[in-house]
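Student: What follows is a protein structure lacking sequence information:
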C-alpha cells in the first residue's frame, strides 16, 4: 500500500509566482486559534506554524487544491482561490 507522501510524489505542479492562498488576519492564528487544525489536516503540508515568527507559513507551491484546510479553519481565516489559468496541480489520473 502506498503512503500519502508516495501518492503526492506522482503529482505534477506548475507553480505561479503569485500565491493563490492567504491568511487574511494572521493575528487570529496567534491569539485565537490554539490547535491550528490547518497544519494537521493538509495532506501536502502547505500550512506550517513557525514558532519563531509566530505565524502560519503558507507553502502554496505544494497545494493539491483539495480545500481541506479552508473547510477546517474555525475562523474562516484562509482565503483560497483557484490558481490562475495554466498553474496549479496536475493529477496523473484525472
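Tutor: That came through fine. These numbers were taken from a predicted model, which means no experiment stands behind them.
Student: ok, residues contacting stretch 72-87?
Tutor: 14-16, 18, 20-25, 28-29, 32-33, 37-38, 41, 47, 63, 65, 67, 69-70, 88 (CB atoms under 8 Å, 6 or more residues apart in numbering). All C-beta atoms are positioned from the backbone trio N, CA, C, and that covers glycine.
Student: buried set for that stretch?
Tutor: 73, 77, 78, 80, 83 (16 or more other CB atoms under 10 Å).
Student: List the contacts of the nearest residue to residue 12 once chain neighbours are set aside.
Tutor: Once flanking residues are discounted, residue 12 sits nearest to residue 90: 4.3 Å by CB to CB, 6 or more residues apart in numbering. Counting by CB under 8 Å, 6+ apart, residue 90 makes contact with 11, 12, 13, 14.
Student: Quick check: phi and psi at residue 21.
Tutor: Dihedral angles of residue 21 (phi, psi; degrees, to the nearest 10) stand at phi -130, psi 140.
Student: Bridge partners for it, pull those for me.
Tutor: residue 80 (DSSP bridges).
Student: my guess is residue 6 is in a helix, correct?
Tutor: Yes - assignment of residue 6 by DSSP: H, G, I helix; E, B strand; the rest coil places it within a helix.
Student: still on that earlier bit, so what does the residue nearest to residue 12 look like in phi/psi?
Tutor: Dihedral angles (degrees, to the nearest 10) for residue 90: phi -120, psi 120.
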